[in-house]
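[1] Fold the following for me, if possible:
(one chain, ligands or ions: 2)
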Amino acid sequence: MNKTILLAAALSILTSNLFVSCGKQKKQYIYNKGEIFGTYYSIIYAQREHIDLHQNIRQKMQEFDNSLSTFNRQSVISRINAGGDSVPVDSYFEKMFLTALRISRRTYGAFDITVAPLVNAWGFGFGNRERADIPNVDSLKRFTGYEKVRLENRMLLKENKYIMLDASAIAKGYASDVVAALLEENGCTDYMVEIGGEVACKGVNPQGRKWRIGIDVPKDDAAAQNREIQTVVNISNMSLATSGNYRQFYYLNGKKYSHTIDPRTAYPVQHNLLSVTVIAPTCMEADAYATAFMVLGVDSALKICESIEGMDCYLIYTDNRGENRVKYTPEFEKYFFND
Ligand code: ADP
Ligand code: MG
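    Ligands and ions are numbered 1, 2, ... in the order given. Sure, this is the predicted structure:
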């Protein structure tokens, strides 16, 4: 789901190709949009030869889907989940898996792609969506834990055939990086790629400024119809991802359950953090850390984020009087200005 309103993209929506003056040369921005991985994407880029790359982008996305989508039954990840205890993997899977493992270790297990059985049990996964009561998740903990899976000779080995993987918290960010790389291979130096709210960008927008990205006010809004902007950030050559508890959730007996699971308790996270926005050099990392920080909570998230070179975060939480508050890493402040 789109969690950010992309002002730059919104400005260009009226026309698919924009001409802007840039010195003596005219730059043409091309705008592509569509649906993938159960969400929407919008991509805007300047290309010297003015070639529309949408077909190539779609093809790349399809290749990616064939590796990491749990909604595609033939994908590598679906074949792993279908029970095989040693399934050959491709390079998309390999890179995602090694990055996920590194982030699991770095976040003390807050990020964990083996949460799939828990995500399904709580009704947020590729299994059953409805929930009439609290599931019994204790027994499922036998089948979760990132130490129970490993890669050997490009085969994924599982300690138990019931272990399943869910790359939803990292794949959209990774796909944004993959599309960005494709644009660069085609000579684009000014672009913004946004897939389901995860953004990778470079260079400048059609106004010749850094890309301006809105962070939503977190409010229960499953259909994303009543958006309000909390703040706008300005980025270039960086990626941004947001995770929150305000789009994917349900209430059961008056209590809110949202789609971020704490793998250590097996329960959806229950604390005062409403949304996390991470800015990082790659969108794959921004995406995964945004989810991990949702699990870790305000203090721990800030502490870990500050210890990672080049990464900053912006957290929106409720205080004990129920008022929304924000905290961010000191370096995040530079993103409020478009210099
Ligand atoms: P969004 O899908 O809104 O971009 P996230 O990037 O935070 O949000 O991904 C949330 C999804 O990731 C959940 O729907 C679930 O499939 C999966 N997930 C939930 N908890 C975790 C976790 N602790 N570690 C890794 N993946 C998770
Ligand atoms: Mg994520």
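
[2] Apart from its chain neighbours, what residue comes closest to residue 245?
    What sits nearest to residue 245 in space, not counting adjacent residues and going by CB to CB, 6 or more residues apart in numbering, is residue 258, at 3.7 Å. Heads up, the C-betas are built off the backbone N, CA and C, glycines and all.

[3] List the residues that contact that neighbour.
    By CB atoms under 8 Å, 6 or more residues apart in numbering, the contact set of residue 258 is 245-246, 248-249, 268-269.

[4] Might you name the residue of the stretch 101-250 of the chain sitting closest to ligand 2?
    residue 169 (3.7 Å; CB to the ion).

[5] from memory that residue sits against residue 286, does it?
    No: counting by CB atoms under 8 Å, residue 169 does not reach residue 286; the two are 11.2 Å apart.

[6] Pull the number of nearby residues for the nearest residue to residue 280 once chain neighbours are set aside.
    In space, and not counting its chain neighbours, residue 280 is closest to residue 286: 4.1 Å by CB to CB, 6+ apart. Number of residues near residue 286 (other CB atoms under 10 Å) recorded here: 29.

[7] could you say which helix or strand contains residue 286?
    Here residue 286, judged by DSSP states H and E, is contained in helix 283-296.

[8] Run the chain-centre distance for that helix.
    Mean C-alpha position of helix 283-296 versus that of the full chain (CA atoms, centre = their mean, to the nearest Å) differs by 8 Å.

[9] rewinding a little: am I right that the residue of the stretch 101-250 of the chain closest to ligand 2 falls within a helix?
    Yes: membership of residue 169 in a helix is supported by DSSP: H, G, I helix; E, B strand; the rest coil.

[10] so where is the stretch 1-150 of the chain shaky, pLDDT-wise?
    1-26, 85, 126-132 (pLDDT under 70).

[11] just the residues of it that are near ligand 1, which are they?
    1, 111-113, 115, 119, 124-125 (CB under 6 Å from any ligand atom).

[12] contact partners of the helix or strand hosting residue 105?
    Using DSSP H and E, residue 105 falls within helix 91-106. Outside helix 91-106, the residues within contact range by CB under 8 Å, 6+ apart are 63-64, 67-68, 76-77, 89, 110-113, 146, 151, 154, 156, 167, 170-171, 174, 178, 284-285, 288-289, 292, 304, 308.

[13] For the lengthiest strand in the chain, buried residues please.
    Identified as the longest strand of the chain according to DSSP state E is strand 25-36. Buried positions in strand 25-36, judged by neighbour count with 16 or more other CB atoms under 10 Å: 27-32, 36.

[14] now swap in stretch 145-156 and tell me
    Buried residues in stretch 145-156, counted by 16+ other CB under 10 Å: 145-146, 149, 156.

[15] For these, give me a markdown table that also has distance to residue 319 and secondary structure.
    Converted to a markdown table, the buried residues of stretch 145-156 look like this (distance: CB to CB, whole Å; DSSP: H, G, I helix; E, B strand; the rest coil):
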| residue | distance to residue 319 | secondary structure |
| --- | --- | --- |
| 145 | 34 | coil |
| 146 | 33 | helix |
| 149 | 39 | strand |
| 156 | 43 | strand |
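
[16] And for the most centrally placed residue in the chain, nearest residue in space, chain neighbours not counted?
    The chain has residue 287 as the residue nearest its centroid, 3.6 Å off, counting by CA atoms, centre = their mean. If the residues on either side of it in the chain are set aside, residue 287 comes closest to residue 173, at 2.6 Å by CB to CB, 6+ apart.

[17] quick one: the strands in the stretch 201-339 of the chain?
    Ranges of strands in the stretch 201-339 of the chain, per DSSP state E, counting those that start in this stretch, are 211-216, 229-235, 239-244, 249-252, 255-258, 261-262, 267-268, 273-280, 312-318, 324-328.
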